[in-house]
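**Student:** Predicted coordinates and the sequence they were generated for:
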Amino acid sequence: MQRILVAIDGSEPAWKALEVAGDLARLANARIDVLHVVRPEPPPEGLVAYAEAERIPLEEEIARWRSDRLAGDALVREARDRLAARGVSAVETIVEEGTPATAIPASAERLGVDLVVVGSRGRTGLAATLLGSVSQRVAQHARCSVLIVR
């Protein structure tokens, strides 16, 4: 195992996944890519101008996207610092746009990783049936091994 992708969202299960990925990377002398996925970028300027002319409010959406992007940047920096504290130095950080269930497997394939590590939110019952699970979707669609950490 040479390369591990760990996806984080700031949740407790994601931090546990980061710890496990860090331990595996240290044991295998592997590189870690830390990924955080944010919503797609705001609309292009031409559409923003049209929305303003038609009095369609987009300012809040654009501000929310910028805030999410800054929070994502801070999150992957914190993950890199946590890994460094665990003795893992070969770390790359990535903030991608999209939905986690599709962006994580796509990033894994693009980067050529050997393993994806994700945390499980532990949804059960009706919530799991209606909402599904990002970790389940990643496991179904990734072309490499996936470790789901509880």
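**Tutor:** Good, I have the coordinates.
**Student:** Need the residue closest to the centroid of the chain.
**Tutor:** Geometric centre of the chain, nearest residue: His36, 2.9 Å, by CA atoms, centre = their mean.
**Student:** ok, that residue - contacts?
**Tutor:** Shown in contact with His36 (CB atoms under 8 Å, 6 or more residues apart in numbering): 7-9, 72, 75-76, 79, 94-96. (C-beta placed from N, C-alpha, C; glycine too.)
**Student:** rerun at 7 Å
**Tutor:** Neighbour list for His36: 8-9, 72, 75-76, 95 [criterion: CB atoms under 7 Å, 6 or more residues apart in numbering].
**Student:** before we move on, what about Val149?
**Tutor:** Going by CB under 7 Å, 6+ apart, Val149 touches 13, 16-17, 20, 117, 119-120.
**Student:** and with 8 Å instead?
**Tutor:** Shown in contact with Val149 (CB under 8 Å, 6+ apart): 13, 16-17, 20, 117-120.
**Student:** Just the ones of the residues you listed in helices?
**Tutor:** 13, 16-17, 20 (DSSP state H).
**Student:** returning to that earlier point: buried members of the contacts of Val149 into ChimeraX, please.
**Tutor:** A single ChimeraX command suffices to select whichever of the contacts of Val149 are buried according to 16 or more other CB atoms under 10 Å:
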select :13,17,117,118,119,120
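**Student:** and of the contacts of Val149, the nearest to Tyr50?
**Tutor:** Lowest distance from Tyr50 to the contacts of Val149 (CB to CB) belongs to Val118, with 38.6 Å.
**Student:** pLDDT wise, what is the closest one at?
**Tutor:** Predicted confidence (pLDDT) for Val118: 96.
**Student:** what do you get for the one 10 residues further on?
**Tutor:** Taken from the predicted model, the pLDDT recorded for Ala128 is 50.
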